[in-house]
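In: quick check, what structure comes out for this input:
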Amino acid sequence: MDQEINWEFLQEYVIGSKRHKNYRKALDVYHHLTFHADGYFHRPWNNLGTNDSKKPETVNPYFKRLIDLRRPSETEPILAYRRLNYLPVTKVPINKVVSSLKKIVKCADWHISYDKSEHPTFLPDKDSLERYAEECYPKDDSIENWAYKSLIRWLLIDPNALMVVMPLQWEEQPGCLLRPYGHIILCKDVYEYVEGELCIFLSPYATSYITSEGHKKSGKIVITVTKNSFVECKQIADDKYELIEHPHNIGEMPAYLLGGESKNPDIFQPFYESFIQAMIPSLDAAARDSSDLDAEKVQHLFSTMWHLQMQSCQACAGIGSVNVKGSQVVCPECEGRGTPPKSPYRDIEVNMNNTLIQDKNVPIPPAVYITKPTEMVGLMRNEITTEIHDALSAINMEFLCEAPLNQSGKAKEVDRDELSNFVYSIAYHIVQEIINPLYWFVNEMRYNVVIPDLATREKMLPFI
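Out: Model (predicted):
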């Protein structure tokens with residue numbers, strides 16, 4: 001693919017809405033997984049119990065699909081209560097899985113060895129690949145630490161995210177080597193991707209410019225990566241961009257998708273689902289049932305009192321409305337009921353002279369709490385526990401919650417074998433498809449000028 005990178009080509013992505021063909025599917029996978037992994041809470045500016053109308057882009061669509069949906073015969077107060085009181089119970093099993101799989105890079109079998117690597121004699125030890133990758137890697141000190149802190153989580157949550165190996169600065173001080181870093185670009189910011197040829201993404205960094213009125217504004221940077229260069233498209237005015245090329249001359253595109261379970265036979269524009277995608281149906285059910293349980297508790301556990309109300313509201317004389325500036329408005333005291341507000345802190349007064357109760361027996365006591373069935377609440381709790389267990393068992397990690405008592409020893413043995421296969425497949429993917437390419441691109445980008453020979457550079461790589 002020999003695409004000329006110019007403004008005519010880029011403007012459809014930068015100021016338009018052109019995206020690669022799998023963009024919407026990738027974004028759906030990301031939203032679905034992050035709804036469970038990150039949880040969802042209403043933002044502070046949303047105080048109405050409805051969708052975040054001021055900033056609709058902040059609402060995860062799966063909150064709308066699973067929680068923010070009226071149930072049959074549900075009243076508006078119960079719907080609003082569920083919206084505002086939803087708690088992300090599915091965040092716990094997802095985080096348990098992520099934490100458990102982080103052990104991959106900390107287990108006894110994980111080893112990064114430079115025993116057979118060859119370090120050029122003319123290169124100072126402080127500039128060696130081993131020192132940079134294992135001691136001086138930006139932010140996390142080592143690539144191994146970076147994988148533990150960030151990589152595994154994003155691999156599971158956003159398999160269509162982009163890994164791009166890019167220098168932290170395009171130019172270093174004289175005598176200093178470039179500092180390549182593995183940036184993870186979320187799928188929502190990946191505008192175009194052609195395997196091994198071209199990718200376009202919104203940079204995690206921003207620029208700034210001065211408007212014609214003299215105000216300072218933040219501008220975006222869109223970066224194109226090819227086999228031989230990075231091209232920055234920087235915003236320098238409200239409607240103006242400039243292109244800056246930074247050659248890397250590696251001959252391979254230093255960018256690739258994190259990957260997962262392949263769902264597209266197109267090798268040039270792949271699409272992936274997460275290794276933990278099988279958990280989703282049961283997690284969806286648990287999230288939905290958890291929200292329904294909130295409503296069920298309101299209706300079946302919270303105390304409800306009925307009482308004999310024989311008095312009229314003193315503010316409106318039982319009419320339910322009052323005259324304000326010549327027009328009738330809802331009475332602020334009784335909210336239109338025509339009777340005094342009920343409160344557990346107020347005495348209940350029964351007027352025996354009221355015509356409605358003459359010659360009739362007055363209920364004693366005149367107020368009673370309604371007895372409600374509570375069995376459904378317990379049943380729903382058990383159902384949610386079962387659904388979370390099913391979600392973990394979908395990836396053979398049900399040991400992260402209490403194992404059923406009736407599970408036989410033989411069944412547990414089979415589960416351990418399946419779990420081993422599952423974890424190994426992820427570990428293999430991390431090493432072969434992410435870590436090894438990362439080391440290779442870091443090595444090439446850092447040393448291809450001072451060590452022109454490719455064979456010599458590749459002898460510097462470790463065995464992982």
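In: what's the closest non-adjacent residue to Glu192?
Out: Ile200 (4.1 Å; CB to CB, 6 or more residues apart in numbering). (Glycine included, C-beta is placed from N, CA and C.)
In: hang on, the one you found in a helix?
Out: No. Assessed with DSSP: H, G, I helix; E, B strand; the rest coil, Ile200 is strand; it does not lie in a helix.
In: do I have it right that it meets Val222?
Out: Yes. Using CB atoms under 8 Å, Ile200 is in contact with Val222, at 6.5 Å.
In: and whichever strand or helix holds Val329, what does it pack against?
Out: Val329 is part of strand 327-330, with elements assigned from DSSP states H and E. Counting contacts by 3 or more CB pairs under 8 Å, 6 or more residues apart in numbering; DSSP states H and E, strand 327-330 is packed against strand 321-324.
In: gap between the strand it packs on and the chain center?
Out: 50 Å (CA atoms, centre = their mean, to the nearest Å).
In: for that strand, name the packing helices and strands.
Out: Strand 321-324 packs on strand 327-330, going by 3+ CB pairs under 8 Å, 6+ apart.
In: hmm, who's touching the strand it packs on?
Out: Contact partners of strand 327-330, identified using CB atoms under 8 Å, 6 or more residues apart in numbering, comprise Gly320, Ser321, Val322, Asn323, Gly336.
In: which of those lies closest to Lys102?
Out: Gly336 (57.3 Å; CB to CB).
In: need the contact list for Ile5.
Out: Applying CB under 8 Å, 6+ apart to Ile5 gives the contacts Thr224, Thr226, Val231, Leu243, Glu245.
In: rounded mean pLDDT for whichever helix or strand the first one is part of, please.
Out: Read that as Thr224. According to DSSP H and E, Thr224 maps onto strand 216-225. Mean pLDDT, strand 216-225: 94.
In: got it, and stretch 294-309?
Out: 62.
In: returning to what we had before: can you give me how far the strand holding Thr224 is from the chain middle?
Out: 24 Å.
In: ok, now stretch 183-197?
Out: Worked out by CA atoms, centre = their mean, stretch 183-197 lies 17 Å from the chain centre.
In: restrict that stretch to CA atoms and write it as CSV.
Out: Output in CSV follows, covering the C-alpha atoms of stretch 183-197 (Å, rounded to 0.1, in the frame of the first residue of the first chain):
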residue,chain,number,x,y,z
HIS,A,183,1.6,3.5,23.8
ILE,A,184,-1.8,1.9,24.0
ILE,A,185,-4.4,3.8,21.9
LEU,A,186,-8.0,2.9,22.8
CYS,A,187,-10.1,1.6,19.9
LYS,A,188,-12.3,4.7,20.0
ASP,A,189,-9.3,6.7,19.0
VAL,A,190,-8.1,4.4,16.2
TYR,A,191,-9.4,5.9,13.0
GLU,A,192,-7.8,3.6,10.4
TYR,A,193,-5.9,0.4,10.5
VAL,A,194,-4.4,-1.8,7.8
GLU,A,195,-2.3,-4.6,9.1
GLY,A,196,1.5,-3.9,8.6
GLU,A,197,0.8,-0.9,6.3
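In: buried stuff in stretch 21-37?
Out: Neighbour counts over stretch 21-37 (16 or more other CB atoms under 10 Å) mark 22-23, 25-27, 29-37 as buried.
In: pipe those residues into TSV and attach pLDDT, distance to Ala455 and secondary structure per row.
Out: Below are the buried residues of stretch 21-37 laid out as TSV (pLDDT from 0 to 100; distance: CB to CB, whole Å; DSSP: H, G, I helix; E, B strand; the rest coil):
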residue	pLDDT	distance to Ala455	secondary structure
Asn22	96	37	coil
Tyr23	96	39	helix
Lys25	96	41	helix
Ala26	96	37	helix
Leu27	95	42	helix
Val29	96	40	helix
Tyr30	95	40	helix
His31	94	45	helix
His32	94	45	helix
Leu33	95	42	helix
Thr34	93	43	helix
Phe35	92	48	helix
His36	93	47	helix
Ala37	92	43	helix
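In: got TSV for these, with distance to Ser150 too?
Out: Formatted as TSV, the buried residues of stretch 21-37 follow (distance: CB to CB, whole Å):
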residue	distance to Ser150
Asn22	23
Tyr23	23
Lys25	24
Ala26	19
Leu27	20
Val29	19
Tyr30	16
His31	20
His32	21
Leu33	16
Thr34	15
Phe35	20
His36	19
Ala37	14
